[in-house]
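# Predicted model follows, preceded by the sequence.
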Amino acid sequence: MARTGSEAPFVGRAHELSSMRARLDLAGGGEPGTVVVDGPAGIGETSLVRRFLGGVSAEWRVARAGGDEIETQLP
């Protein structure tokens, strides 16, 4: 049976998680910002975001948005 959620091993994303955490730390100091997570389908963007948000305090407000590949072609 495949492992899912927090049971699944999460490897190879330490740099990305560290960058996201650094951006959050800057926001905590009053500097607004945005983090964009983009990549081909199936490489783990959603898992990365979920893992990061799982470690974020409930005092933070986080906005998430998604889109379709075709929307990148809109003027």
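Ah, there it is.
# Low-confidence ranges, this structure, go.
1-9, 74-75 (pLDDT under 70).
# 80 instead, please
Applying pLDDT under 80 to the chain flags the ranges 1-10, 67-75.
# which non-adjacent residue is nearest the residue most central in space within it?
For the chain, the residue nearest the mean C-alpha position is Val49 (2.6 Å; CA atoms, centre = their mean). Distances taken as CB to CB, 6 or more residues apart in numbering put Val37 closest to Val49, at 5.7 Å, once the chain neighbours are dropped. C-beta: built from backbone N, CA, C; applies to glycine.
# host element of that neighbour?
According to DSSP states H and E, Val37 maps onto no helix or strand at all.
# quick one, what contacts Arg21?
Listed by CB atoms under 8 Å, 6 or more residues apart in numbering, the contact set of Arg21 reads 52, 55.
# Same question for the one 5 residues further on.
Applying CB under 8 Å, 6+ apart to Leu26 gives the contacts Gly33.
# what about it, helix or strand, and which?
Leu26 is part of helix 14-28, with elements assigned from DSSP H and E.
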